[in-house]
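Novice: Sequence and computational prediction follow.
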Amino acid sequence: MARYKHIDTSPRFLAVDLQRQLLPGTFEYALNYLLEHKLDLAFLDAKFNNDLTGATAYPPAMLLKVILFAYSQGIVSSRGIERACCEHITFIALSGDTRPHFSTFANFVTTLGDSISRLFAQVLFICDKQGLIGREMFAIDGVKLPSNASKGKSGTRADFKRQADKLEMAARAMLARHREEDQRTVEPDLRAREIQRINRLQADAEQMRQWLTDYPEDRKGSTGKPRKSNRTDNESAKMATSKGVIQGYTGVAAVDAKHQIIVEAQAHGTGSEQELLIPVVEALQQTMAEDTLITADAGYHSEANLKQLDEMEVDALIADNKMRSRDERFAEQDKYKALPDPLHDKGGKLFCLVQNIEKLAHHGYGQ
């Protein structure tokens, strides 16, 4: 029988050159090179006020490198990123073995705000300089994404007023019952639970009244009718998907045909794709050439959109809802009923930033 050397993968102490762990031609190498040498992150310095006093801060470039690489590996939680910085050699190399706490990553992502748009624009500029954007055709499509908000907290102002009235009535009824029970001998733990429930009902009603004060008007849809608001995330919307109803956003991206570089990405709190075509085309105006062709599927087709595109003098190919029934190439389309998961990770500009940097790495940028 053949004999082989034993391969020992147990933990050990090794002398490692962290810089050499980022191999040329890989995504992490391009990411590290771009953030260290090409992207201007000076606008992030305004977040700190420790020039003369206070503790030193983690460099934003390092945090951004680690977070973007984590996203490319499917790690989207701050605790998962912290663990990777302690255990994974590529994360250790990108972070310089500093091992930031998960709260540092969480705070950084939370406070990025609109800064990500500036970073996205800088990466897009570099992609253009490398000749990765052809401008012959931009394809527009979208996906419905769940938000971190409860569907149960959606409704119109009238719905919320009725709910607040019911909560206050329930709280008053329980208070009256509580006073009656106080005249009798009741176990202390039951009384404590009763008081806790009353307090919760009153707090919910008060929170709802405060929300109604903060938002005096209903959200309006494209037709002018009231659109349901959400008390957790008022910019999101309740929308139907093939997997059921979700509370979330419709994410829309425009992709260049030459190397699939994402040139525009937006997220809107509406389930109607027809409303989103013109905002994306308007955002593309500075990127488009005179002969750039816009393509989109039937979800973006409407008479109003076609008229608007004609007025903007934009060439576009947009399928209508009856296209498949007329085209003989789709005669056997019923065989393909399985639908892709509409909730897969296809997010906004931060995710698009990762994809564009991956394209740069694939084309050998930074070597």
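Specialist: Received it, and whenever you're ready, just let me know what you need.
Novice: Looks to me like residue 148 is in a helix.
Specialist: No - using DSSP: H, G, I helix; E, B strand; the rest coil, the assignment for residue 148 is coil, not a helix.
Novice: low-confidence ranges in the stretch 101-250 of the chain?
Specialist: 152, 160, 178-191, 221-224 (pLDDT under 70).
Novice: Now do the helices in the stretch 201-350 of the chain.
Specialist: Using DSSP state H, counting those that start in this stretch, the helices of the stretch 201-350 of the chain run over 277-283, 303-312, 323-326, 349-362.
Novice: which one of the ones you listed lies closest to residue 77?
Specialist: Nearest of the helices of the stretch 201-350 of the chain to residue 77, taken as C-beta to C-beta: helix 349-362 at 14.3 Å. Heads up, the C-betas are built off the backbone N, CA and C, glycines and all.
Novice: In the lengthiest strand in the chain, which residues are buried?
Specialist: Longest strand in the chain, counting residues (DSSP state E): strand 244-256. By neighbour count on 16 or more other C-beta atoms under 10 Å, the buried set for strand 244-256 is 246-256.
Novice: could I have that strand exported to CSV, CA atoms only?
Specialist: Output in CSV follows, covering the C-alpha atoms of strand 244-256 (Å, rounded to 0.1, in the frame of the first residue of the first chain):
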residue,chain,number,x,y,z
GLY,A,244,-44.7,36.3,-0.6
VAL,A,245,-45.1,39.9,0.6
ILE,A,246,-42.1,41.7,2.0
GLN,A,247,-41.3,45.1,3.5
GLY,A,248,-38.5,46.5,1.6
TYR,A,249,-37.1,48.3,-1.5
THR,A,250,-36.7,47.8,-5.2
GLY,A,251,-33.1,47.9,-6.0
VAL,A,252,-32.3,49.0,-9.6
ALA,A,253,-28.9,48.8,-11.4
ALA,A,254,-27.7,49.8,-14.8
VAL,A,255,-24.9,47.7,-16.3
ASP,A,256,-22.6,48.4,-19.2
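Novice: May I have the strands that pair with that strand, each with its orientation?
Specialist: Neighbouring strands of strand 244-256 in its sheet, by DSSP bridges, are strand 137-146 (antiparallel), strand 237-241 (antiparallel), strand 262-268 (antiparallel).
Novice: Format the ones you listed as CSV; extra columns: mean neighbour count.
Specialist: As requested, the strands paired with strand 244-256 are arranged in CSV below (neighbours: other C-beta atoms under 10 Å):
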stretch, mean neighbour count
strand 137-146, 20
strand 237-241, 18
strand 262-268, 21
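Novice: Out of those strands, which gets nearest to residue 56?
Specialist: When these are compared for distance to residue 56 using C-beta to C-beta, the nearest one is strand 262-268, at 33.9 Å.
Novice: which ones are touching the spatially closest residue to residue 89 that is not a sequence neighbour?
Specialist: In space, and not counting its chain neighbours, residue 89 is closest to residue 21: 5.4 Å by C-beta to C-beta, 6 or more residues apart in numbering. Neighbouring residues of residue 21 by C-beta atoms under 8 Å, 6 or more residues apart in numbering: 89-90, 92-93.
Novice: Is it possible to mark the buried ones in those?
Specialist: Using 16+ other C-beta under 10 Å, the buried ones in the contacts of residue 21 are 90, 92-93.
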